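Colleague: next one to model:
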Amino acid sequence: ADGKKGNGANPTMEAPKGGPPLLNVIMLYMTLLGLGVIGGYGAFFVMFHERCVGLLQQAEETYNSSKIEWQAKHQQVISEKNECLNPLQKLQGKLQEHSTLAEKHRVLEKRHDEATSKLDALQQSKDESDGIRAKLESQITEIQTQLKEANQKVAEAVNKRGEIEKDLQTRLEIAQNELSQKVVELKELQESNQKAVATINEKREIEKDLKMRLDIAQDELAQKAADFKELQELKKACPESSESSGDTAALESDLKTVTTFVQNRAERMCRMEYGKGPFLIQFNVRFPEEEETQSFQVQLASLTDMPHTIFVLMELISLKSYHGTVIKSAGGGIIEAGNLADADNAVATKVLNRLVKYGYEKPVSFVEISSSLQHDELTVGFVGSGPALAINTADNTKERGPEGRNDPCFGKVVSGHDTLVRIQQAGEDSSFELVSIERVRASQQ
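Modeller: Purely as a prediction, here's the structure:
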């Protein structure tokens, strides 16, 4: 019995190596949370680590409490074994329970070792997280510095914006004042325009009246000229008598009166429409297979010298009576321009209709003779009563002057002589397009 008791008393008083299952779950949960915290930010990890340490300490306390409890139970078992050696079955159960507790103790120790290893890993992760946190804190400090600089720039921008807004407000006030002034000026301009429109309408009425009077005067002049011509023929055929001489003198006086009236009216209308001159006109000619036009310019006689002729010419140019017609050599030292007989039928019809509409089918009512132009070389005049023009490339005073056909001569070629030479050398069988005749300027005397 002493031997059996001694065998029963020899088992060591070791704490059971097993442990409660809750601790294993807690440690697994701690591990997973620790791994998640590693990917997060440092501050949260520290809190979680402290929590894990608390739980681990709690688990250790639980383990120690259990160990003490089992040791107490083991002591109680030994005591009971010593007291009750005879109930063998009871003793064997206690021994089996002791073995179970010992196995649990071993498992618990194993788990404790695993938890310690995981805790070391968590500690290493914590150190790494501390490094990351330090870097983040450095970056945060840098960002705060940049933010401070940005705030300073924003403050400067706000101040500058205030200055800009103030400047803009000042400019806006100035612009509003200018706008108000412009509105006043616009109203004044509108009133001036209304007055100008009224003046233009009045001017048109005056021009219309002048045109009507001029037409009447021209008709009267033509009639007087016809009567004067008839009287001159009668005077040649019959012996001169005092009665016929008186009629001729009266007719000449009437003719001079009507002529003076037409000239005065023509001068006034020309000044109103085109200025007082002197006028410079340009002939634009297109030669075959040439894109650019060639030109020559003609200086016109003074408006006071030939008012009727100059006004009629300016009217014909304004009506585009020469656009699209032809210019060609007519022989005898003459280049003709704007002769509708040589122009294309469509162009001739269009121009003729325009001339008839405005009463210029025979635009020149009487011949005015310039004091400085006599159909000498490089002068320009009408062919008869127009609208065709003749450029003298030779001295044609005898043929076209007062002793000859007595055509009006109103201008002198001042530039573009090479263009006239090309037309003259092409001969009478060649004609060229007269693109236009246009006024170049009307300079003031």
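Colleague: hang on, Phe283 is in a helix, isn't it?
Modeller: No. Under DSSP: H, G, I helix; E, B strand; the rest coil, Phe283 sits outside any helix and is assigned strand.
Colleague: quick check: bridge partners of it?
Modeller: Beta-bridge partners for Phe283, by DSSP bridges, are Phe296, Ile437.
Colleague: give the contact list for it.
Modeller: Contacts here follow C-beta atoms under 8 Å, 6 or more residues apart in numbering; on that basis Phe283 touches 295-298, 327, 337, 416, 419, 434, 437. Every residue, glycine included, has its C-beta placed from N, CA and C.
Colleague: most neighbours among the residues you listed, which one is it?
Modeller: Counting neighbours by other C-beta atoms under 10 Å, Ile327 leads these with 27 neighbours.
Colleague: state the helix or strand in which that one lies.
Modeller: Following DSSP states H and E, one finds Ile327 within strand 325-329.
Colleague: list the pairing partners of that strand within its sheet, with orientation.
Modeller: Strand 325-329 has these strand partners (DSSP bridges): strand 334-337 (antiparallel), strand 431-442 (antiparallel).
Colleague: ok, now how distant is Val53 from Ala134?
Modeller: 22 Å (C-beta to C-beta, to the nearest Å).
Colleague: the more surrounded of the two?
Modeller: Counted by other C-beta under 10 Å, Val53 and Ala134 do not tie: Val53 has more neighbours, with 14 against 11.
Colleague: skipping its backbone neighbours, what lies nearest that one in space?
Modeller: Leu119 (8.0 Å; C-beta to C-beta, 6 or more residues apart in numbering).
Colleague: residue contacts, the one you found?
Modeller: 52-53, 56.
Colleague: measure it to Phe48 for me?
Modeller: Note on Leu119: its distance to Phe48, by C-beta to C-beta, is 13 Å.
Colleague: one more: His417?
Modeller: 109 Å.
Colleague: okay, now the unreliable bits of the stretch 51-200 of the chain?
Modeller: Under the criterion pLDDT under 70, the flagged ranges of the stretch 51-200 of the chain are 81, 84-91, 193, 196-200.
Colleague: and the helices in it?
Modeller: 88-237 (DSSP state H, counting those that start in this stretch).
Colleague: tally of neighbours for Gln58?
Modeller: Gln58, neighbours per other C-beta under 10 Å, totals 12.
Colleague: can you check the one 4 residues further on too?
Modeller: By other C-beta under 10 Å, 14 other residues sit near Thr62.
Colleague: also Leu355?
Modeller: 19.
Colleague: can you report how many residues lie near the closest residue to it other than its chain neighbours?
Modeller: Excluding the flanking residues, the one nearest Leu355 by C-beta to C-beta, 6+ apart is Glu361, at 4.9 Å. Here the number of neighbours of Glu361 (other C-beta under 10 Å) works out to 15.
Colleague: tell me the phi and psi of Glu361?
Modeller: phi -70, psi -30 (degrees, to the nearest 10).
Colleague: hmm, Val351 and it touching each other?
Modeller: No. The criterion here is C-beta atoms under 8 Å, and Glu361 misses it with Val351 at 10.3 Å.
Colleague: what is in contact with the two at once?
Modeller: With C-beta under 8 Å, 6+ apart as the test, Glu361 and Val351 reach no residue in common.
Colleague: show me where the stretch 301-445 of the chain has helices.
Modeller: 307-318, 345-357, 397-400, 417-426.
Colleague: deepest-packed of those helices, please.
Modeller: Most buried of these by mean neighbour count (mean count of other C-beta atoms under 10 Å) is helix 307-318; its value is a mean of 23.
Colleague: among the strands paired with strand 325-329, which comes closest to Thr259?
Modeller: strand 431-442 (25.0 Å; C-beta to C-beta).
Colleague: and that closest one, average pLDDT?
Modeller: Mean pLDDT, strand 431-442: 87.
Colleague: buried ones in it, by neighbour count?
Modeller: Neighbour-count burial for strand 431-442, with 16 or more other C-beta atoms under 10 Å as criterion, is recorded at 431-437, 439, 442.
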